[in-house]
Structure formats: C-alpha cells, structure tokens
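1. next one to model:
(one chain, ligands or ions: 2)
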Amino acid sequence: MSKHNTLLVTGGAGFIGSNFIRYYLKNHPDHQIINLDLLTYAGNLSTVAEVANLPNYRFVHGDIRDAQLVDQLMTEVEKVVHFAAETHVDRSIMEPALFLETNIIGTQVLLDAALRHDIKQFHHISTDEVFGALSLDTDEKFDEHTPYNPHSPYSASKAASDHLVRAYGDTYGLPYTLSNCSNNYGEYHFPEKMIPLAITNLMDEQKVPVYGDGLYVRDWLYVQDHAQGIDLILQHGQIGETYLFGGLYKDINNLELIKMILKIMNKDESYIEHVLDRPGHDRRYSVDFSETSRKLGWQPSLELEEGLRKTIAWYQTHQDWWRPLKEKNQSYFTKQYKNRK
Ligand code: NAD
Ligand code: TYD
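-> Residues are numbered from 1 along each chain as shown. Ligands and ions are numbered 1, 2, ... in the order given. Reported below is the predicted structural model:
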C-alpha cells in the first residue's frame, strides 16, 4: 500500500467505525484503509465482512495502547481517523479504569506516533456528552463554544482525550480536526445501547427497560450520515477546527422514542418497564449543528422515524449478527438489569 490516500482507522470493527469504513470505501474505491481494532466485546469482524477481501483494505488485530505497533502503522498512512474507545456509559460506571486507559492513554499513544511520522491529518471522533447536560426547561443547545462539563466516567475520559488532541495541536503543531457527534443509531449497533436493546427485546417479546422517568432527551443521528460528515471533514475540513454533528431539530425524550419504536413494531405500551435510574444521568442533550452545516454543506439525510424503520428492518433480517452477541454478553445484562426494577 502506498502512503498517499491511506487512512489508519482505529476501532473500525465497532459500530460507527465499521459504518464509516463501508461508506468510505464505497465512495473512495481508489483509497486505502488500515483498520486497527482490539476486538473487545464491542468489536466484531462481521461488521466489516463486506470489505474484508478488498485489496485496498487491511485489518490489524491490535491495541491502540501498543506503542510499537502503532508506530509501525503510522509509517504506512497519510491520515488517521480515531474511533477506538470504550463507549458505554453504564459500563463506565461499573469499570471506569478501563475507560481511562483506552480513551485517554490510547489516544496519547496515537498522538505521539502521529507526530513522529508527520501525519497530515489526525481526525479525533468525540461525543456531545463532553458538554454535560442541558436542562429540560430551556431551548439551549450545545455549540462549538459550549464549555466542557462531563458527568460520567465515559464522558470525562472522552473530554480528557479531546483536551489532549487540542493540546498536541497547540503545543507540537499536530494537524488535527475534531468532531463531537450526538447519539448515533443504525445497523451494527451493539445491542446494549438503548435503540438496539429496545428493538431486540421487543423482537423477543421482552420489555424495554426505561431508566427513571424516561424524560431524558438525546439527539439521534443515523450512523451513515455521521460517516458522510467525517468523510467531508477529511476532504474539506480545516486543520484545528471542531465540527458538531447532530440529527434532530426538535427534542424527543426516551419515552417518546420508545413509543415510536413500539408503534413501528406494532406493540402496545405495556412493553415499557420503568427501572431504577442511571446514576449521574444527563437530562438533556441537544446540538446546534448549523455552523458545521454551513462549513461542510452537510445535513442529516433521514428523519428519525424513517431511520428507525430502516434500522428495525435491519435487525429483523440480521438476527444472526445480534443474537450471538446478546447471548455472549448475558453476564453484563444480568449485572446491569438485575435488581433494577
Ligand atoms: P463501539 O463501542 O461500537 O466500538 C469501539 C471499537 O473500538 C470496538 O471495535 C473495539 O473493539 C475497539 N477498541 C476498544 N478498545 C480498543 C483498543 N484499546 N485498541 C483498539 N481498538 C479498541 O463504539 P462506537 O459507538 O462505534 O463509537 C466509536 C467512537 O465514536 C468512540 O470514540 C465514541 O466515543 C464516539 N461516539 C460514539 C457515539 C455513539 O452514539 N455511539 C456518538 C458520538 C461519538
Ligand atoms: P445509551 O444508548 O446508553 O446512550 P448514552 O447514554 O450514551 O446517551 O442511552 C440512551 C438513553 O437511553 C440515555 O438517556 C439512557 C437511556 N437508557 C434507558 O432508559 N434504558 C436502557 O436500558 C439504556 C441502555 C439506556
């Protein structure tokens, strides 16, 4: 592989990384991707099976904290897109240390190697959760100037990694770009997260666990729209800039979201089960992505209901993908949901 037009993608066997790789190779068949992924519980080669045999794609099984391996891979690429992370808030409450090691130390190892090898662009994938929580009784939204105020070990570790990326830009001149995106949904979403958990539970006639009063608000973006946004940053992004991605113009709370899913799946509201709340649960996220739209000419392409229909249909036809994952992670589900009623 030549270095020109070659990307190192970290965490490309996970949900968003794999969607990005499939999107990117479809749209840039003459570019190359090296996918570095540790294949944790959240990483799965079946998510990238579609591209596995392409001559311009290579999978490397390894850890972003492995400085020697990362250093070697950086010699082969022009740009980096860094997705790899521990990502589930509930798991971060159970086991914060792993989140700090992967999300902070892992990022620092990549940044050091990127500097050593004159990487042209280091694109860091982050979340809107670093901004903390908005209140239900305002119309306020997060934007590029919102100060960081994370509340969960997950969001605190992502905030730390964002700060490191910017610090490497300011201190050493690392050419970085960064994007904070809202909650994604779509195909290959690990079934521990709210939307795929709801869909797969309902397919098995099981109830949907709704934390607390269910009046928590998230912004939802269809994952392929996120992939398109990242691609635009790689093509047209300004070094040193931050971009915000979100999917909605109007708030929707968790109960309304679940009711939308129930309706599409022809189920009644008796499938909703209120369970004990998540500690430190952020009340509301909402993203003003107008500046990013203006700068990149990017817009979410799917309405939430349309995206949910598409996603539900995908889970119905891909049971061979999610059933083994749910089965294998039974001990997590038991630990997370037992004694929560
Ligand atoms: P995911 O949990 O589905 O996938 C994470 C991937 O990283 C997995 O394939 C895993 O094997 C890999 N990984 C974990 N530790 C690793 C290590 N030490 N070395 C190499 N690979 C490792 O996550 P996702 O939902 O696809 O999120 C990807 C990125 O996007 C994360 O940085 C996350 O913070 C960010 N993000 C996610 C969302 C969302 O809604 N899911 C929203 C905004 C931002
Ligand atoms: P999640 O998919 O875990 O994403 P995040 O916490 O990163 O936003 O959760 C989305 C919302 O759904 C959040 O408000 C927590 C809530 N939730 C439940 O009510 N029940 C559940 O079983 C899960 C996993 C989440």
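
2. K207 is in contact with N201, correct?
-> Yes - here N201 reaches K207: they are 6.6 Å apart, a contact under CB atoms under 8 Å. (Each C-beta comes from the backbone N, C-alpha and C, glycine too.)

3. low-confidence ranges in this protein?
-> 1 (pLDDT under 70).

4. domains in it, by residue range?
-> 6-184+220-245, 189-217+250-279+302-332 (automatic domain parsing).

5. and the last one, how far out from the chain middle?
-> Taking the mean of its C-alpha atoms, domain 189-217+250-279+302-332 sits 17 Å from the chain's own mean (CA atoms, centre = their mean, to the nearest Å).

6. does it reach ligand 2?
-> Yes - residues of domain 189-217+250-279+302-332 are located near ligand 2 by CB under 6 Å from any ligand atom, namely K193, M194, L197, P209, V210, Y211, Y216, N254, R278.

7. next, format the residues you listed as TSV and append neighbour count.
-> TSV is the format used below for those (neighbours: other CB atoms under 10 Å):
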residue	neighbour count
K193	18
M194	21
L197	19
P209	20
V210	21
Y211	17
Y216	22
N254	20
R278	16
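
8. out of those residues, the closest to ligand 1 would be?
-> K193 (6.8 Å; CB to the nearest ligand atom).

9. so what's that closest one up against?
-> If a contact means CB atoms under 8 Å, 6 or more residues apart in numbering, then K193 has H88, Y185 as its contacts.

10. so what's the backbone phi/psi at it?
-> Main-chain torsions, K193, degrees, to the nearest 10: phi -80, psi 160.

11. next one: it from L296, what distance?
-> Distance from K193 to L296, counting by CB to CB, to the nearest Å: 26 Å.

12. circling back: out of the domains of the chain, the one nearest F289 is which?
-> Closest of the domains of the chain to F289 is domain 6-184+220-245, at 4.9 Å (criterion: CB to CB).

13. what's the end-to-end length of the closest one?
-> 24 Å (CA to CA, to the nearest Å).

14. quick one: that domain near ligand 1?
-> Yes - using CB under 6 Å from any ligand atom, domain 6-184+220-245 reaches ligand 1 at 10-11, 13-17, 36-40, 42-43, 63-65, 83-85, 87, 102, 106, 125, 127, 158, 181, 183-184.

15. what does the stretch 1-150 of the chain put close to ligand 2?
-> V89.

16. quick check, the residue in the stretch 1-150 of the chain closest to ligand 1?
-> Counting by CB to the nearest ligand atom, the stretch 1-150 of the chain gets nearest ligand 1 through G14, at 2.0 Å.

17. dump the residue contacts of that residue.
-> Applying CB under 8 Å, 6+ apart, one finds that G14 lies in contact with D37, A42, G43, N44, T47, F83, A84, T87, F190.

18. okay, the residues you listed in a markdown table with neighbour count and distance to Y57 next?
-> Listed next are those as a markdown table, based on neighbours: other CB atoms under 10 Å; distance: CB to CB, whole Å:
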| residue | neighbour count | distance to Y57 |
| --- | --- | --- |
| D37 | 27 | 13 |
| A42 | 23 | 20 |
| G43 | 21 | 16 |
| N44 | 20 | 16 |
| T47 | 23 | 13 |
| F83 | 26 | 16 |
| A84 | 28 | 17 |
| T87 | 23 | 23 |
| F190 | 20 | 22 |
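
19. could you list the buried residues of stretch 265-275?
-> M265, K267, Y271, I272, V275 (16 or more other CB atoms under 10 Å).

20. possible to save these as TSV with secondary structure?
-> Output for the buried residues of stretch 265-275, formatted as TSV (DSSP: H, G, I helix; E, B strand; the rest coil):
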residue	secondary structure
M265	coil
K267	coil
Y271	helix
I272	strand
V275	strand
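
21. and which of those is nearest to Y172?
-> Scanning those for proximity to Y172, where the rule is CB to CB, the winner is V275, at 46.5 Å.

22. quick one, what contacts L174?
-> L174 touches L111, A114, L115, I119, F122, V165, Y168, counting by CB under 8 Å, 6+ apart.

23. with W298 instead?
-> Residues near W298 by CB under 8 Å, 6+ apart: Q228, G229, L232, F245, F289, T292.

24. pull the number of nearby residues for the last one.
-> When you say that, I think you mean T292. 26 (other CB atoms under 10 Å).

25. please report the distance of it from L178.
-> Per CB to CB, T292 is found 12 Å from L178.

26. also the fourth one?
-> F245 sits 11 Å away from L178, taking CB to CB as the criterion.

27. try W314
-> 29 Å.

28. who has more neighbours, those two?
-> More crowded of W314 and L178, by other CB under 10 Å: L178, with 22 against 17.

29. so which elements touch the strand or helix carrying the more buried one?
-> Element membership for L178, per DSSP states H and E: strand 176-181. Strand 176-181 is packed against strand 121-127, helix 153-172, helix 223-236, strand 242-245, with contacts defined by 3 or more CB pairs under 8 Å, 6 or more residues apart in numbering; DSSP states H and E.
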